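A.B. asks: Could you work out the structure for the sequence below:
(2 chains)
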Amino acid sequence: AQTVTQSQPEMSVQEAETVTLSCTYDTSESDYYLFWYKQPPSRQMILVIRQEAYKQQNATENRFSVNFQKAAKSFSLKISDSQLGDAAMYFCAYRSFSGNTPLVFGKGTRLSVIA
Amino acid sequence: KAGVTQTPRYLIKTRGQQVTLSCSPISGHRSVSWYQQTPGQGLQFLFEYFSETQRNKGNFPGRFSGRQFSNSRSEMNVSTLELGDSALYLCASSWTGTSGTYEQYFGPGTRLTVT
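C.D. replies: Predicted coordinates for the structure are as follows:
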């Protein structure tokens, strides 16, 4: 079974600075999807970014980018120019590419942004 | 396009009662998944429905059940409520294409409190 590990329960960053959240996963599959979700205090889970394992290029969405290292099974999220609205729980998630299987989530990292 | 909606948003029930939660997916999405989120266990997968059929099931007791209607709306039911069932219940919908099911979009959740 696949597992996702987020080793940083909490992190903080100064406004306008850059922060990197770590995620590692374990799988024997070669094709899969990886996601970062954001859950602000409102509790609404929001998709931040998605990466297909077969793509070598790292995904980018505005201030959010990932560092995908397939061999190391690592999938970190970099947030540039951090804003107060980035404060939230961030979840890393894995989903198999073949078959229709559920998302497997990490335990999450709580990000605080300091003004 | 409207997002995933869940009703009710908040619910207080007594031990031993049963509860039904509802989820309306994004228009065109035929897959609906349910997750339970608690501080201790994190996000845990309950089940997934696609075209009115349960496609995947998590490791929850039989007191947890669900169904999907022809319009893709889904309901989950919990019978004989226990204190430990207090949680945020999240519904997510996704579009399924020829190469599998893509990213999931979450609703705001239903906060269930069992007293």
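
A.B. asks: For the rest of this, base every contact and every neighbour count on C-alpha atoms.
C.D. replies: Noted.

A.B. asks: in terms of contact, does residue A:105 touch residue A:95 like I think?
C.D. replies: No - contact criterion Cα atoms under 8 Å: residue A:105 and residue A:95 do not qualify, at 9.1 Å.

A.B. asks: Between the two, which has more neighbouring residues?
C.D. replies: residue A:105 (25 against 22; other Cα atoms under 10 Å in any protein chain shown).

A.B. asks: ok, the closest residue to that one other than its chain neighbours - contacts?
C.D. replies: In space, and not counting its chain neighbours, residue A:105 is closest to residue A:93: 4.4 Å by Cα to Cα, 6 or more residues apart in numbering or on different chains. Counting by Cα atoms under 8 Å, 6 or more residues apart in numbering or on different chains, residue A:93 touches A:4, A:34, A:35, A:36, A:37, A:103, A:104, A:105, A:106.

A.B. asks: what residues does chain B put near chain A?
C.D. replies: Counting by Cα under 8 Å from any Cα of the partner chain, the positions of chain B adjacent to chain A are B:33, B:42-45, B:48, B:55-56, B:99-101, B:103-109.

A.B. asks: Neighbour count says what about these? Which are buried?
C.D. replies: Buried subset of the residues of chain B next to chain A (neighbour count, 16 or more other Cα atoms under 10 Å in any protein chain shown): B:33, B:43-45, B:48, B:55, B:101, B:103-109.

A.B. asks: pLDDT-wise, which helix or strand of chain B ranks last?
C.D. replies: strand B:100-101 (a mean of 60; mean pLDDT, DSSP states H and E).

A.B. asks: Nearest to chain B: which residue in chain A?
C.D. replies: Of all residues in chain A, residue A:44 sits closest to chain B, with a separation of 4.5 Å (Cα to the nearest Cα).

A.B. asks: Is that residue in a helix, a strand, or coil?
C.D. replies: Put simply, residue A:44 is coil when judged by DSSP: H, G, I helix; E, B strand; the rest coil.

A.B. asks: Phi first, then psi, for it.
C.D. replies: Dihedral pair for residue A:44: phi -70, psi 120, per degrees, to the nearest 10.
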